[in-house]
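*Asks:* Fold the following for me, if possible:
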Amino acid sequence: MFRGPGMVVQSKSLAGLCLGARPFHALLLCGRAAGIAARDQPRSNAEADLAAERFLRAAEPPSHNQWTSTPDLSSFYARGCKARLEGFIREAANVVRELVKPAPRDTGDGPNALKELFRIRTEPASFSERPTVRCTGEPDSEGRWDVKAVVRIKAKKTPQRLTPSVYFLTESGGGVAVRWASLLADKNCEVEGHDLLVPPDTREVRFSGTTDPSSHPVPAAHSCVSVEIRRLVSAGGGAL
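*Replies:* Residues are numbered from 1 along each chain as shown. Model prediction:
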């Protein structure tokens, strides 16, 4: 993992990432390094690259051999910055997993009941069936957080009901739950109260929302947020 200067800041072993993974080496280009690598191609987010470069520079101790919590990081960035840094590295590992895991195959041999007993998964069932969320956003002029989220779920043959929760992150990495002021369905879902109704055979849901400032523990500009799916049930009410 490295940023603009091109020197390796941190290395991370991904051995055992998933069963049957293709052999690989990976480079994580961060901050200005991403723009330098793509210098022959149009790139519209140079400003974001520079912001990431400054953030990661603040996360380096004097030895420049890792990205972690430092006095500079705590001084210049909102609470929860360490948790966002750790989440960034985890998400990078998740992307590598998706790229190198073997393609699923169904040989069609043997009874289904027998295949279920001897099935070998490329990753734990609890991980593959758990919804994953990727969110972006920023505070607005009215003191709310405007959030956009993409949720990946396991497709079901029946409708599903998701309950998204939003949290203000703390320095310790935990989160304080806050209320939604509004939710808006963007793709593959409908809003019902504070739930999202998802049609059958859906793998990806997109929604946006704003937080309720009256439930904020600190001003929106002083915190980062995360979104989690705290409840996933069938539309008829049965737990999935």
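
*Asks:* what's the following helix or strand after the lowest-mean-pLDDT helix or strand in the chain?
*Replies:* In the chain, no helix or strand scores lower on mean pLDDT, DSSP states H and E than helix 125-128, which sits at a mean of 44. Sequence-wise, the next helix or strand downstream of helix 125-128 (DSSP states H and E) is strand 132-139.

*Asks:* Can you give me the domain assignment for the protein?
*Replies:* 1-128, 131-234 (automatic domain parsing).

*Asks:* tell me the most buried of those?
*Replies:* Most buried of the domains of the chain by mean neighbour count (mean count of other CB atoms under 10 Å) is domain 131-234; its value is a mean of 16. Every residue, glycine included, has its C-beta placed from N, CA and C.

*Asks:* mind checking the end-to-end distance for it?
*Replies:* Distance across domain 131-234, first residue to last, is 14 Å (CA to CA, to the nearest Å).

*Asks:* Likewise for stretch 220-227?
*Replies:* 15 Å.

*Asks:* List of residues touching that stretch?
*Replies:* Stretch 220-227 is contacted from outside by 78-81, 83-84, 87, 133, 135, 137, 139-140, 143-145, 147, 149, 164-169, 175, 178, 211, 213, 216-217, using CB atoms under 8 Å, 6 or more residues apart in numbering.

*Asks:* what pairs with the nearest residue to H216 once chain neighbours are set aside across the strands?
*Replies:* In space, H216 comes closest to V178 once its chain neighbours are excluded; the distance is 5.7 Å by CB to CB, 6 or more residues apart in numbering. Legend: beta-bridge partners of V178 under DSSP bridges are V166.

*Asks:* and the gap between the spatially most central residue of the chain and T211?
*Replies:* In the chain, the centroid-proximal residue (CA atoms, centre = their mean) is R134; its distance is 3.7 Å. Using CB to CB, to the nearest Å, R134 is found at 18 Å from T211.

*Asks:* How is P200 classified with respect to secondary structure?
*Replies:* Recorded secondary structure, P200: coil (DSSP: H, G, I helix; E, B strand; the rest coil).

*Asks:* Phi first, then psi, for it.
*Replies:* Per-residue torsions, P200: phi -60, psi 160 (degrees, to the nearest 10).

*Asks:* please renumber so the chain begins at 47
*Replies:* Right, with 47 as the first residue, what we last looked at is P246.

*Asks:* Could you pull up the mean pLDDT of stretch 189-208?
*Replies:* Taken as a whole, stretch 189-208 has a mean pLDDT of 91.

*Asks:* Endpoints of that stretch, how far apart?
*Replies:* 26 Å.

*Asks:* those helices in the protein, which residues are they?
*Replies:* 78-83, 92-104, 117-122, 127-146, 158-163, 171-174 (DSSP state H).

*Asks:* Pull the contacting residues for the closest residue to N140 other than its chain neighbours.
*Replies:* Distances taken as CB to CB, 6+ apart place T178 nearest to N140, at 7.5 Å, with adjacent residues excluded. Taking CB under 8 Å, 6+ apart, we find T178 in contact with N140, V197, R198.

*Asks:* about what we covered before: least reliable of the domains of the chain by average pLDDT, please.
*Replies:* domain 47-174 (a mean of 78).

*Asks:* Can you get me the centre-to-centre distance for it and its chain?
*Replies:* Computed by CA atoms, centre = their mean, to the nearest Å, the chain-centroid distance of domain 47-174 equals 11 Å.

*Asks:* Please name the nearest non-neighbouring residue to the residue nearest to the centre of the chain.
*Replies:* Closest to R180 by CB to CB, 6+ apart is V196, at 4.8 Å.
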